[in-house]
Structures are given as C-alpha cells and as structure tokens.
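> need a structure here:
(chains A, B, C, D, E and F)
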6 protein chains.
Amino acid sequence: MGIHTFFTSLNDLERIIRAPGRFKFEEHNVAAHSWKVSQYAMFFATIEEMHGATVNWKSLYEKTINHDFAEVFIGDIKTPVKHASPKLKEMLTIVEEKMMEKFIEEEIPSEFQAVFFDRMKEGKDSTLEGRLLEFADKLDQFYEAFAELKRGNTDKEFVIMYQSAVAKLLDLPLPNSVHYFRHEILSDAMAEDTQIDIVTLTEEILKNK
Amino acid sequence: MGIHTFFTSLNDLERIIRAPGRFKFEEHNVAAHSWKVSQYAMFFATIEEMHGATVNWKSLYEKTINHDFAEVFIGDIKTPVKHASPKLKEMLTIVEEKMMEKFIEEEIPSEFQAVFFDRMKEGKDSTLEGRLLEFADKLDQFYEAFAELKRGNTDKEFVIMYQSAVAKLLDLPLPNSVHYFRHEILSDAMAEDTQIDIVTLTEEILKNK
Amino acid sequence: MGIHTFFTSLNDLERIIRAPGRFKFEEHNVAAHSWKVSQYAMFFATIEEMHGATVNWKSLYEKTINHDFAEVFIGDIKTPVKHASPKLKEMLTIVEEKMMEKFIEEEIPSEFQAVFFDRMKEGKDSTLEGRLLEFADKLDQFYEAFAELKRGNTDKEFVIMYQSAVAKLLDLPLPNSVHYFRHEILSDAMAEDTQIDIVTLTEEILKNK
Amino acid sequence: MGIHTFFTSLNDLERIIRAPGRFKFEEHNVAAHSWKVSQYAMFFATIEEMHGATVNWKSLYEKTINHDFAEVFIGDIKTPVKHASPKLKEMLTIVEEKMMEKFIEEEIPSEFQAVFFDRMKEGKDSTLEGRLLEFADKLDQFYEAFAELKRGNTDKEFVIMYQSAVAKLLDLPLPNSVHYFRHEILSDAMAEDTQIDIVTLTEEILKNK
Amino acid sequence: MGIHTFFTSLNDLERIIRAPGRFKFEEHNVAAHSWKVSQYAMFFATIEEMHGATVNWKSLYEKTINHDFAEVFIGDIKTPVKHASPKLKEMLTIVEEKMMEKFIEEEIPSEFQAVFFDRMKEGKDSTLEGRLLEFADKLDQFYEAFAELKRGNTDKEFVIMYQSAVAKLLDLPLPNSVHYFRHEILSDAMAEDTQIDIVTLTEEILKNK
Amino acid sequence: MGIHTFFTSLNDLERIIRAPGRFKFEEHNVAAHSWKVSQYAMFFATIEEMHGATVNWKSLYEKTINHDFAEVFIGDIKTPVKHASPKLKEMLTIVEEKMMEKFIEEEIPSEFQAVFFDRMKEGKDSTLEGRLLEFADKLDQFYEAFAELKRGNTDKEFVIMYQSAVAKLLDLPLPNSVHYFRHEILSDAMAEDTQIDIVTLTEEILKNK
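Have a look, this model is predicted:
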C-alpha cells in the first residue's frame, strides 16, 4: 500500500488498450489518450479565456489527467460496447466506481484519501472545466475515428463514431470552442486527402445543425 | 444480422487480450486460450474415459470452444480484477450475460437462436463435461502463470495466480484427472529449470492438501 | 517427455504465425485459427444435423482442434508457398508427418501413443467429419482473405486466395452447408462495404458454377 | 497550417518511442511518458502545498504536458546517447529548439503563436513548478529503470540510469518532495521482490548522501 | 571495450526504427534497410559491370553495410524531419560524426581503429561505389514509399518521398543503372494494382525529365 | 516477372521471423540477420587478411547477403526443428533449393539467371569465403543465444544452441579467426553480467577443446 502502488499502476495504463480489437490502423493506450485530452482541453480553455471566461486551471488539470484512471480496473469497455443497453452501461459505471473506492481505501495513505476521492470522481460536470473535459474527450474520439477513416477503415462502427463525435461536439454548451472547432478544425480536417469520404460524412451532420 | 456477423466476431476474439497489461513475457488472446482449453479438456476426458466414465463429447466440444465467447463484449476483465468484491464480479457476470442475450436476439437467425442460447450459457455446471471445462480453464491459468514465473516475472500476482490454480485443480471433483495432474503434470513442471522457484511455490500448496 | 511437453507445445502454436509475411492488416496464429475452424465446423455440423445427418461429434472435435498441430514443427509453410510444385508440397507433408511420428514416440507416454497417432493423422478424409473439417478450414481461408480485401490489401495473392476459397467451398460434397454458405454467408459478405470490390470477385466465381 | 496540424502531431508522439532499442521489457512512448510526468508532478505539488507552498497549477499543467513535445521532431535521442559529450548534447538541444520555432511559425495561427512560444520553451527553470517538472521527469526515469531491473534486465545502462535518477532526485531543491520520495516511495520500491538487487543499488547511493 | 561491443551494437540497430511514427503499414529497422541497400547495390553494380565498368566490390561491400551504422547513436532522424533547415540537418550530421569518432576511439581496439575510421566515414562520394550506394539508398526510399502508397497511405509525406526518390534516381550519374530503373523497375512498379494512383505520380516526374 | 519482383521479395524477408516462437526476448528477422552476418564476415575477413590471407571480397559479399534468401519460400524452419532427423532436414533443403530454382526461372530475366543461380547456390563451401560465411552465420547463432541467456531465458534449447555454437566456432578451419574469437570475443562476453551463468556454460565447452 502506498503512493508507489499508485505510481506503478500508471504504468499499467500504458498497456491498457482503448476499444481492444476495434482499431485496425493505430492502437491507442489509455495513458496516451489521457495526455491528448489534457492537450486539447488546455487549448480550448485558452480559447474560452480569450473570450473572457475564467478558467480554474487546477481543476482542469486534475479532471483531464485523471478522467480515465478507473480503466486500470476493467479496461476500456464502455466505448466499444455495441450490445449494451443504457442500463448495462450504468452497471459497468457502478462497478468501476466501486473498484475505484476500494482502491483508494486499500492503497492510498489516509492523509491523501480525501484528495484522491475528489480527483478521481466523475469529472464531466456542468462547470466550465467539466464541459471542457467532455469536449476534449469527445475530440479524441473524433481524432481516433478520423485517423481510421482517413486510411480506409470501412468498418461502419467508425463512421458512426466519427459522426456521433462531430454531432456531440457541435452541441456542447461551449459556444466559443464549438465555433472554433466547426470553422477551423473541421474545415482543416475536411481539406485532407482521405480514403473514406470525410467531407460527405461531415456534411450529413452539419446540415442537421 | 446473420451467422456472418457471428463468424466475423470470432476474428475479434483474436484481438481481445487476456488480462490486458498483466502478462510481461507472453500475451494470450481469447481465441487461442479457448483452443488450449479445448485441448486440455480432450486429454483429461480421455483419462476419465479410460477409467470408465462416459463422456458426452458433443457437450464437451460445445462447452470448451464457447466458454469465453462473451468476452467479445467486455474483454477479459474478471480474471485480472484485484479490487473487486464478489458482488462486483457478479455484476460484471450479469452485464456479460445480458449482452450475450441481446447479441443472440439481434444477430443470430431465429432458427438457430435456441441452439446458441444453449451453447453460450455458463458451461461450468456439475456434469462431467462442466467439471472438465472448469479443470481445463484452471489448467490454462496454471500454464499462463507457469510461463511467466519460469521466465522470472516477479509480480506477486502471478505467484498468487499459480498457487491458486494448483490449489483449485487439486480440489476439483475429478479424482482421476486430479491424480494425473498431481503425479505427472506437476512433477514434470517442477523438474523444469525456472527463474522463480516453482518447486517451493508448489510444495507450499501440496503440503496443505 | 510427457503430456506436460505436449501442453507446453500448445503454447508454441500461439507464436506460430500463419503465412508469415503475407498478411498486411491482421496476423493470425495457428492456435486461434484452429479454434475458429472448430467453431465453423460446429455450426455447419449443426446445419447438416438439421437436415438429417448423423454427426460423430467426438471425431469432429478431434479433427478440428488437432488438424494443424504439426505446424508446431515447421510453421505454416504450405499455404503461402508460391513456387512449390505439387511434388514439393508433398515432400513437405512427408517431412511434417515424420516429425509428428517422432514427436509422439519421443514425448507422449506409451499408454497414450495410440490415441495420439489416431488424433494427429490427416483428418480430411471422406467421412462427414472429414468433409466438415475441409469445409471449415477453407472457410477460414475465405475469412482471412476477406478481411484483407475488405481493408484494401491489393496484393493479387489475396484475390486468388479469396476466389479459390469460394470456388472450393462451393464444390465440396456437403450440399446443405454449401447451400447455406452460398445463400446466407456469401450474400451477407457481399453486402459489406469493402475497399476491394468483393462483389465482382465473387460473381466471377459464381457465374462459373 | 493550423491547430489541426498541432493536434494530429500529438498522435505522432504516441508512435515516438523513448530511448529506442534500449528497453527490453516494456517500451514507452512520449505521449504516455508525458502523462505520467503530469501525474507525478500533481502529486508532489500537493505535498508541497500541504507544507505551505503556493503552487501555480496552470504553469505546472503547461510545463508537464508540453515538456517533451519537441521530440516529435527528432525523437527521444538525448537520453540514451552514450557517446555524446556535453557539447554534442547542447547541439542537439539547439537543433530541437530551432525546429520548435519553425514549427510554431509555420503551423500555429498567429493569434496563438505567443502562447505556444511560452508553453513550448524549456520548462525546467528555478520556479517551484520548474523544479517539480524536473523532479517528475527524473521520477519517470527512476520508474522506467526500476521496471527493467525488477524483471532482470542486466544491462549496466539501467543500473546507471537507476542510480543516477535516485541520486539526482535526492539532490533536487524540493525538501518536502525529496523527503517523501526517500522515506515512502523508495522504501516501498526496495520492499518489492526484484530480479536485480535493487536494495544494494539503492543503498550505494543513499550512503553517499 | 572491444569488438564484442561493436557486435552487440549491431543488435541495437535491429531495434532502431526508420522514420519512427511515419510508416503506417510496415515498419523498417536500420539493420534490414542496410541489407536491402547491399542487395540493390550488388544488382546495379552487376549492371554497370555488364556495361564495362570496373567495380571495387570490397569498397561497395564496406560502403553499403556500414552506411547507416551511425544511426545507432541518434536513430533515424534526418529523413523524417520536416521542419529542419539545411543548416539544422548539417548540425545533426556533425553530431552523428562526432559520436562515431568517440565510439571508435573508446570501443574499437587500436589495431582496428584506422580500418573502422575508413569504413565508417561518409560513403556517398563520387566514386562508382559511392554513386551506387547513393542509388541503392535512394531506391530503398522509393520502395518504402511505394509500399505505403500501394496500400493506401494517403499521407502527403509519402507522395513527396516517392516522387523525390524517383526524381533523384533519374538524375544520378549512373546512366546504365538509371536506364534500367526507368525502363524495367519503374514500368513493373507502375503495372501493379495500387490504392494510390502510382502511375500519375510517376508520370508527373517523368514528364519533367 | 522481373527484378522488381526480386526487390519486393527482399521486403518479405523483413517479415520472416527466425525460429518463430522460440525467442522470448528479442525476435530477429531474416533480413537483419543477413546484415549482421555480412558484418561479422567483413570483420573476420579483415583479421584473416591481416594474417596474410587473400580475400575474394566480391565472393564474400555475395555469399553473406544471399545465404538465407531461400527462406523467403519456407521461412526459417531448419534451425528450430527439434524432432527432425538428418534425413528430414535434407528433404527440407531439397525443397528449398527446388523452390529457389523455380523462382529464378520464373521471375528473374534470362540475362541475369546465370548470375542468380551462382549467387543463390549454397555458399558454405571449403573456400576461405565459404568458411567465413559459416563462421559468421554460427557467430550470429552465438549472439542470438547469448542475448536470450543474458536476460534469463531458461529454455534448455538456448543453452544447447549457445554451447553448440561455441563448440562449432572453435572447430572451424580458420585458425586466426578462431583465435580471435576465443581470446577476445569470448572473454568479453564472459565478463558481462548475465542472468544465466554464461561463464560455466562456456567453460564446459572450452575444457573439452
């Protein structure tokens, strides 16, 4: 028991693969994903700040780097699951949360338990930082799907994953970030030369917005 | 929908890694594991038959090759989980079973649904074949742990995994198979030159039996 | 010497790659291939049984899980070989069989040698189970080629592999299985969105039947 | 040009391997390393805060997630280099910095260039956050070497890497973090069962402090 | 110190990946690349000899197998670098050469140092063998890009890499080799069925020659 | 048909793994192995030349880089085979040679066929260069086994592989190279810190010489 156990478990997250068995061109581990989310979030927080928002950088830092730590217990199984009802996904969430609790109680020294409970709780709340986390996490789904489609993965799952990421990003309550995504990121992505027709997939979503 | 979907999902099981992030020397996928279990089970069923038992080979064939198919939905997460209470493991089992049901209802043509429900149900029952499945599945845990310890994986998890597999194998209600395991397999394994001291680990278990 | 040696050699088959150097998108090991063959065979045996045939399930189980065990000695070299005459392939088969013999004589305890000689002999005979093994083995060639073509492997070898698998499957003396393959599996496969034009490749074969 | 280019370059860092060709048991990519550094830094910043320090969390967040971004240009070549004089290492640093400059000028929209120049500059300065970055980066060297030695990598390079990490960590001007490392982390690490004798390696360093 | 150190460093070159993070379909290590260059060079030296040239085979052998040995120090970083000015590339070359010098002085026994300095110096000089090395090295760039484009890598970098390799090969002062490349190799390559339109990419270059 | 086919087959050799399923720490492909053999051979040819021998460098170059090309057809199956009698190994050699012949006749343009038949024939003859090839090939077996034993692979196969390589190297009819190997290479190798006791394994061989 001790922080040493927590630190060595970070290493395990380098071996936990996202959506195992789904990606055909590039695999992603949970550690690298968390880093990319922390990068996207920092950029969009900067956008929001430039438009007058006050960012709680400590909170954003905590939320982004810890948001998938619980996958050390059961891997990344909620994203790829096709045949799960909302109720089944909720059960998985409960299992994950309970394991997180047991981990903190059993491994983290008592003087740090309160801090860890706070940092490891679900971060996607209605605060600016919670919304930025959700935006950044969804943006990585966008980029993971984009990378597969760009190289010609014809699996319908990735079309759905791509379109659902775009649709959700456009709907998130972060007008400045959404505007930047739509008018800068998305148009640069659509300008790339891709195997699967990204332009059409994207426009199908845009016309409904 | 159709058997084509089932057949392509078999391919996914080649990409589902057992206990992701735990094995340091050799990874195992669920497809290959299922094959090894079907091999062990055939051998020990032969032992039981030589001692007078009547084996239902069709049932054994069905049980062994299908026993981990449900891992296509949520991966292999029950084995490695350290911080799960029995109740949390049970919740995971329920989630897996419900997804299996939805899969059969949504993907398998109606004329085969009864057959699939029967084949995909939990196979580790009290029949001879159910016990042989449990024996064979545990034997693969024994061999997976053995391969890590042999090469010097010092992770305590594998010591526990090895010793618990030996202890459970010796307790299974299959006297002839257990006898063969104890007096042939185990003594050959202990005679190997290994990095971690397998002999001591094994004798700690044997002396309690 | 002993069954322990046989069991550890199963593990080696997880590291023997099929057609090494040929697959560009997904590699397959011999253990996982054997499992998939045992799955296909069980399904088509069910089809045959539904149409009135009597299946020897023990024999089918033995044939499917053991049919490529001998590749532990020289790997999977007969499938990919382009420049081999039938005579050279026959020589390779002889080498493989002789090694199998030596393995059984040197490693398998005498009381099991007869069983192993029986289980490890060439399984593709004219019995229903022998034909189902051939059907299932060919079906995995079909699915392995399909997975490459679907993702855009333009290597002509895979076009040939795909078309030859379809042609041979349609010609096997298992009318009910062939009918199901042609009218269900093949039409579902052709309905998929693929990089290489599977429909045309398939119809070139179908029009000659 | 645009933030889209920056975001897709994050993905490249998942493919950039640390100290290529050196790690024998577990490879690490730069993206995952950066995340682990951001985790360690957050923990030790918490320790410092508990002892009365004021942490600039935004700065720490920026420094940790960006500190190795420049490796996207020339990979991780400064760590493993054995035959480099300090002068050669300095030349490599200059090359890296110049490429970083050109990247920002060529790819980052002008309204964000100042922010990027600030975030991408060398972070290991004398501020609390700069020292925490250095501490966290060194701690990952400690853990990377520890993981190799634990499993029996006998390469002298890792002994040197381990001992130099311990020595440097103990000397960093962060008394509270150093104290926690020495009395908690290090004693837990030394209590682990390892292939290479970590205790002796560690005590050789400790006795000189 | 000693030739043993040199020999074990050859093994390191099997783990040094070319252009890390760029190839999407097939990675190449520096050892295998060096072997392919030695094969191409032998073939084109044969062509030149057939047309009357006198080949210094010892020199060609030395130049081809040693030309990338220095990558053991800093990996393959000059090829992929996008944001490097010629001056930065020159700095990297100097760093590499200085490390090579230090390596020879520190590791190679004195009686072999002169031989090693001679073999490890830049081989792409104006001799026939120097030009054949450059031709062969460029041809591997051609084949590495070809293999990616053939399978549908849409990254513009590979289009540029392919076209620049073709352009440079056609301009090298080896008329017989260039003629053979243009009229045999290139026409066979263009006749292949490829995902990216190789014919158009090639003709864009040919029409300017 | 054409040299383009030969050149693309070189790429296949990067995917052909030596002794598939046997190496536990580092895999080797045939392309990289061929390069290392060409390096060792150049060094020992230099030793022989320093002692007055006349080296045919062209022949040595041809022999070393081509000596395993035929493995493109059936992989590396002769080395690992445990259960093969000499007669079975001879049959495999014949198969390989016949495929090589067919390849040259079917793929190599007629004006180069004589050259290719000469270069691709068995190179381990009694010439100085033939003996250097055998020495270098055996030395790579020595280094491949050494690398496994150094890291703690306890598989007896590698002990046998190591000791048989040492024994054969000491017996080869190249006194100067053997002397250098015994007194320089071997003593440096024995001075390394290794998991498996290399010194004892080596001395068991040396005392019989």
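> May I ask which helix or strand encompasses the most centrally placed residue in chain A?
Among the residues of chain A, the one closest to the centroid is residue A:137, at 2.4 Å (Cα atoms, centre = their mean). Assigned by DSSP states H and E, residue A:137 belongs to helix A:128-150.
> got the CA positions of the helix or strand of chain A with the lowest mean pLDDT in PDB?
Across the helices and strands of chain A, mean confidence by mean pLDDT, DSSP states H and E is lowest for helix A:71-74: a mean of 85. The C-alpha coordinates for helix A:71-74 follow below in PDB (Å, rounded to 0.1, in the frame of the first residue of the first chain):
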ATOM      1  CA  GLU A  71      -9.900   1.900 -16.600                       C
ATOM      2  CA  VAL A  72      -7.000   0.400 -14.900                       C
ATOM      3  CA  PHE A  73      -9.500  -1.900 -13.200                       C
ATOM      4  CA  ILE A  74     -11.700  -3.100 -16.100                       C
END
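> for it, packing partners?
Judged by 3 or more Cβ pairs under 8 Å, 6 or more residues apart in numbering or on different chains; DSSP states H and E, helix A:71-74 is in contact with helix A:3-13, helix A:86-107. For glycine as for every other residue, the C-beta is placed from the backbone atoms N, C-alpha and C.
> can you do 10 Å?
Here helix A:71-74 touches helix A:3-13, helix A:30-50, helix A:86-107, helix B:86-107, going by 3 or more Cβ pairs under 10 Å, 6 or more residues apart in numbering or on different chains; DSSP states H and E.
> How about stretch A:23-42 and chain F, touching?
No. Using Cβ under 10 Å from any Cβ of the partner chain, stretch A:23-42 stays clear of chain F, coming no nearer than 17.7 Å.
> ok, back up a step: most tightly surrounded among the helices and strands packed on helix A:71-74?
Greatest average neighbour count among those goes to helix A:30-50 (a mean of 24), per mean count of other Cβ atoms under 10 Å in any protein chain shown.
> angle of that one against helix A:128-150?
120 degrees (axes from the mean of the first three to the mean of the last three Cα atoms, to 10 degrees).
> tell me the mean pLDDT over the helix or strand just after helix A:30-50?
Downstream of helix A:30-50, the first helix or strand assigned by DSSP H and E is helix A:57-66. Averaging pLDDT along helix A:57-66 yields 98.
> quick one: helix A:57-66 near chain D?
Yes. For helix A:57-66, a contact with chain D is found by Cβ under 10 Å from any Cβ, at A:57-62, A:64-66.
> Quick check: residues of chain A near chain C?
So far as Cβ under 10 Å from any Cβ goes, chain A lies against chain C at A:24-25, A:151-156, A:159, A:195-196.
> Mind giving me the ChimeraX command for buried ones among those residues?
Filtering the residues of chain A next to chain C down to the buried ones (16 or more other Cβ atoms under 10 Å in any protein chain shown) takes a single ChimeraX command:
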select /A:24,25,151,152,153,154,155,159,195,196
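> Among the residues of chain A next to chain C, which ones lie close to chain B?
Restricting these to those within reach of chain B (Cβ under 10 Å from any Cβ) leaves residue A:24.
> Go through the residues of chain A next to chain C and name the one nearest chain D.
residue A:25 (11.0 Å; Cβ to the nearest Cβ).
> Surely that closest one is in contact with residue A:154?
No. Between residue A:25 and residue A:154 there is no contact under Cβ atoms under 10 Å: 11.7 Å.
> returning to that earlier point: how about the helices and strands packed on helix A:71-74 in JSON lines, adding mean pLDDT?
Formatted as JSON lines, the helices and strands packed on helix A:71-74 follow (pLDDT from 0 to 100):
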{"stretch": "helix A:3-13", "mean pLDDT": "93"}
{"stretch": "helix A:30-50", "mean pLDDT": "98"}
{"stretch": "helix A:86-107", "mean pLDDT": "89"}
{"stretch": "helix B:86-107", "mean pLDDT": "89"}
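> Looking at those, which is nearest to residue A:147?
Residue A:147 lies closest to helix A:30-50 among the helices and strands packed on helix A:71-74, at 11.6 Å (Cβ to Cβ).
> now the closest one, how far from the chain's geometric center?
Mean-position distance between helix A:30-50 and its chain equals 10 Å (Cα atoms, centre = their mean, to the nearest Å).
> Can you see whether that helix contacts chain E, counting any residue in it?
No. Remark: helix A:30-50 sits outside contact range of chain E, by Cβ under 10 Å from any Cβ, the gap being at least 12.3 Å.
> who are the neighbours of the helix holding residue A:137, in terms of helices and strands?
helix A:30-50, helix A:57-66, helix A:156-171, helix A:175-180, helix A:186-190, helix A:198-206, helix D:3-13.
> Go again with 7 Å.
Contact partners of helix A:128-150 among helices and strands, from 3 or more Cβ pairs under 7 Å, 6 or more residues apart in numbering or on different chains; DSSP states H and E: helix A:30-50, helix A:57-66, helix A:156-171, helix D:3-13.
> Give me the buried positions along the third one.
Looking back up the chat, that one is helix A:156-171. A:158-159, A:161-163, A:165-166, A:168-170.
> What mean pLDDT does it get?
For helix A:156-171, the per-residue pLDDT averages 93.
> Tell me if that helix is near chain D.
No. Using Cβ under 7 Å from any Cβ of the partner chain, helix A:156-171 stays clear of chain D, coming no nearer than 13.0 Å.
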